[in-house]
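*Asks:* Quick check, what structure comes out for this input:
(4 chains)
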Protein chains: 2
Amino acid sequence: MSPRRVTLVDVAKRAAVSVATVSRALSGDSQISEATQSRVRRIADDLKYVPNVAARSLVLQSSATFGLMTPDVTDPIHAQVVTGFQQQAAEQGYSVILSNGFWDPVTERRALREFAAHRVAAVAVMGSVLSQAEVKRLLSPSPVLFIGSEHVPPGGGELDMARGCLRPDDRDGMRQVVDHLIQRGYRSVAYVSGSSGATQVIRRDALVAALADHGRAEPVVFSADDVDAGGLRPIAARIRQSCPDAVVCYDDKTALLLMDELRSAGLTVPRDVAVVGFDDIPFARISNPRLTTVSQRADDLGRTSVDLLLSTIERGRLPVSQLMPVALVVRETTPGPFRPPHRKDRRS
Amino acid sequence: MSPRRVTLVDVAKRAAVSVATVSRALSGDSQISEATQSRVRRIADDLKYVPNVAARSLVLQSSATFGLMTPDVTDPIHAQVVTGFQQQAAEQGYSVILSNGFWDPVTERRALREFAAHRVAAVAVMGSVLSQAEVKRLLSPSPVLFIGSEHVPPGGGELDMARGCLRPDDRDGMRQVVDHLIQRGYRSVAYVSGSSGATQVIRRDALVAALADHGRAEPVVFSADDVDAGGLRPIAARIRQSCPDAVVCYDDKTALLLMDELRSAGLTVPRDVAVVGFDDIPFARISNPRLTTVSQRADDLGRTSVDLLLSTIERGRLPVSQLMPVALVVRETTPGPFRPPHRKDRRS
DNA sequence: TGCATCAACGCAAACGTTTGCGGTAGAGTC
DNA sequence: GACTCTACCGCAAACGTTTGCGTTGATGCA
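*Replies:* Next up, the predicted model:
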């Protein structure tokens, strides 16, 4: 069926040189004369020679491949990171094997073992239910970089800095959010998140801290069981009762979903309540009303991850941790508290 | 630095058998006794042996890996297909190498060559500026499956059925849209799309045909230069002038983006104009107003692609083409034309 | 005892690269 | 003409698997 693919031997025969020479010529080795180099290259092109990475990585003991595990590419913020990561990797001559972990330990372990089997040069993990230790153990000796705040040990604060973690500056983001909210005159704020994951806790703590810095009270905290499956509905109802001025969500997806539920509950944003997100996914820009949120340049995050991994590989050091800058984007969901002419009726 | 990874030889030594036996034992070969099989397996586990896929694919002449090229995973519909694809592939023991083509010929060719270098078992392409012929040539002899309508030759209609293409039933989708629109009493309809790509043309033709079936006139067609970069703004303005009852967009992203521009232009959906999308991305469900659209089960599309590829590999046949069923989801953007009590004023 | 049979396992080749080291031919030097 | 030197290039080992075929020892049967 398949007419056998063309190998170095074929090129060597055709060029009347040895395979060693062909290999060196194609890699631009200076101990091969310019003349033979170009001749070999031409012949390789003619024959449509494509190197076999399996053979190469067998002798090199590592492949020009990154493993990338994300909880779910369907999440827009993850998709952006993945895109940036893949793009930068490609530019540096690396392939990327993608796996979705789905927050399932079995799936995740399988994915990581898969990476190990491929002898990937390095791997990036964007969220996992496994412990950092287990992840590293499964992947050892490949370097691992944790992308995003999902891996910061609870309460650990900034202590993860030595562990190889690249994440947005949640603390600064929340500070900007609170500054903005206060400057616009909002008083009571609530916090809405899902029920699992470290990011939600980190951002909550950051919000609490930022509020405290301004001498404000702690926010009311709502956490939904399953955000994607209507878990925000009861929360919308409770928001309707407790009437906070503003609710900041742990990410844009939650914010957008919540806005939908608020609408169903008869509240209109931002008249009845302000909403703030985090991430600045593409749809935050065109939601109705358009969402005020914290932009974290997710594609840059992906690209920077590759750079970090690359320098780790080349210089043989452990991956260093790093915080990505973040910026508030003010849009329509936080115009300042609504002051109606005569009455303040929230029950539409 | 790295203490050399454990190989079959290590396991063999420890188990006091040959590498051949270890290999066979781990693969469950029946010519190895049950006793040694379990013993070898235990030792392999103890030693944390991880097979080297490079060595394996070198002798097997193909790796348990799929190549998946998408124009841009950032697009929600693509992300869904990718997720389904990766998930199903993993369940069948395959890895997937992901590449973004970005509609750039150079990037795309590099991605495909990368797949070829990896000796992938098969590849799926979700959109490309390259010709089908070139794609297949670059990948030969690996089977290629084209996912989505992006590869149907212009005007080719259903003639691509022999070429290995899995795509949603655009024609039926548009038929359902038109049925619904007419049943709700809409009369004049417009069509909005971007400026490049085959899907836009296919769906336009499908819309035209469906309208013709009902004896309706051709829709007014608007196509934007760069949908993502404000290209829809002038189109929103022209819609404001020409006042169609309903505008159907070639996909949800365009629809959502257009709704945003319509809002900026002072039109309110669906009072001033109805909007219909295509794809049913997650955000269509929670847009404000919620978008009427055609659902195409994108994750199933990805999963089915893997199944198709797998049967192609195993049975050695060419990939067959297939049409995925599609279903209209009626939401809030098409309630029927607005009949105001006394006047019909569209200029807010 | 002699022979065939059979289960269980080992030998070694092959897959396509990379690379250290050795070889060769031509030019230059005395 | 013998020598060294340099520029180019070839030999062959090694990377970790898989698998066809050969080998071994035990068992069955006459």
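
*Asks:* Please report phi then psi for the residue in the stretch 101-250 of chain A that chain B sits nearest to.
*Replies:* Nearest to chain B in the stretch 101-250 of chain A, going by C-beta to the nearest C-beta, is residue A:141, at a distance of 4.0 Å. Just so you know, the C-beta spots here come from the backbone N, C-alpha and C atoms, and that holds for glycine as well. Per-residue torsions, residue A:141: phi -100, psi 20 (degrees, to the nearest 10).

*Asks:* How many neighbouring residues does residue A:99 have?
*Replies:* 26 (other C-beta atoms under 10 Å in any protein chain shown).

*Asks:* Repeat that for residue A:294.
*Replies:* 27.

*Asks:* and it, how far is that from DNA strand D?
*Replies:* Separation of residue A:294 from DNA strand D (C-beta to the nearest atom of the strand, to the nearest Å) stands at 46 Å.

*Asks:* just residue A:304 next, same as before
*Replies:* Counting by C-beta to the nearest atom of the strand - residue A:304 and DNA strand D are separated by 32 Å.

*Asks:* Look at the nearest residue to that residue once chain neighbours are set aside and say how many residues are nearby.
*Replies:* Nearest non-adjacent residue to residue A:304, counting by C-beta to C-beta, 6 or more residues apart in numbering or on different chains: residue A:166, 6.3 Å away. Counted with other C-beta under 10 Å, residues neighbouring residue A:166 total 24.

*Asks:* again, but for residue A:196
*Replies:* A count of neighbours around residue A:196, defined by other C-beta under 10 Å, yields 14.

*Asks:* And residue A:37, by the same measure?
*Replies:* What residue A:37 shows, counting by other C-beta under 10 Å, is a neighbour count of 19.

*Asks:* what helix or strand is it on?
*Replies:* Using DSSP states H and E, residue A:37 maps to helix A:34-46.

*Asks:* For that helix, buried residues please.
*Replies:* Within helix A:34-46, the residues scored as buried using 16 or more other C-beta atoms under 10 Å in any protein chain shown are A:36-37, A:40-41, A:43-44.

*Asks:* just to revisit the earlier point, how close does the residue nearest to residue A:304 sit to residue A:303?
*Replies:* As for residue A:166, its distance to residue A:303 is 11 Å (criterion: C-beta to C-beta, to the nearest Å).

*Asks:* still on that earlier bit, nearest to residue B:322 among the buried residues of helix A:34-46?
*Replies:* residue A:44 (37.8 Å; C-beta to C-beta).

*Asks:* Quick check: nearest residue in space to the closest one, chain neighbours excluded?
*Replies:* Using C-beta to C-beta, 6+ apart, the nearest residue to residue A:44 is residue A:11, at 5.0 Å.

*Asks:* Please save the CA atoms from the host helix or strand of the one you found in PDB.
*Replies:* Taking DSSP H and E as the criterion, the element that holds residue A:11 is helix A:8-15. Provided in PDB are the C-alpha atoms of helix A:8-15 (Å, rounded to 0.1, in the frame of the first residue of the first chain):
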ATOM      1  CA  LEU A   8      18.400   9.400   4.400                       C
ATOM      2  CA  VAL A   9      19.700   6.300   2.700                       C
ATOM      3  CA  ASP A  10      17.700   7.100  -0.400                       C
ATOM      4  CA  VAL A  11      19.100  10.600  -0.500                       C
ATOM      5  CA  ALA A  12      22.600   9.300   0.100                       C
ATOM      6  CA  LYS A  13      22.400   6.800  -2.700                       C
ATOM      7  CA  ARG A  14      21.100   9.400  -5.100                       C
ATOM      8  CA  ALA A  15      23.800  12.000  -4.100                       C
END
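
*Asks:* so where do the strands sit in the stretch 51-200 of chain A?
*Replies:* Listed in chain order, the strands of the stretch 51-200 of chain A (DSSP state E, counting those that start in this stretch) span A:63-70, A:95-100, A:120-125, A:144-147, A:165-168, A:189-193.

*Asks:* residues in contact with residue A:223?
*Replies:* When contacts are counted by C-beta atoms under 8 Å, 6 or more residues apart in numbering or on different chains, residue A:223 touches A:192-195, A:200.

*Asks:* Of these, just the buried ones, ChimeraX syntax please.
*Replies:* ChimeraX command restricting the contacts of residue A:223 to the buried ones, with burial defined by 16+ other C-beta under 10 Å:
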select /A:192,193,194,200
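
*Asks:* which two in the contacts of residue A:223 are spaced the farthest apart?
*Replies:* A:192 and A:195 (11.2 Å).

*Asks:* low-scoring stretches of chain A, by residue?
*Replies:* A:1-3, A:152-162, A:339-348 (pLDDT under 70).

*Asks:* what residues does it put near DNA strand C?
*Replies:* A:4-5, A:7-9, A:19-20, A:23-24, A:26-27, A:49-52, A:55-56, A:58-60 (C-beta under 7 Å from any atom of the strand).

*Asks:* ok, 10 Å please
*Replies:* A:4-12, A:18-27, A:29, A:31-32, A:44, A:49-61 (C-beta under 10 Å from any atom of the strand).

*Asks:* Restricted to buried residues, select the residues you listed in PyMOL.
*Replies:* Listed next is the PyMOL selection for buried residues among those, using 16+ other C-beta under 10 Å:
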select buried, chain A and resi 5+7+8+10+11+12+21+22+23+24+25+26+32+44+49+50+51+52+53+54+55+56+57+58
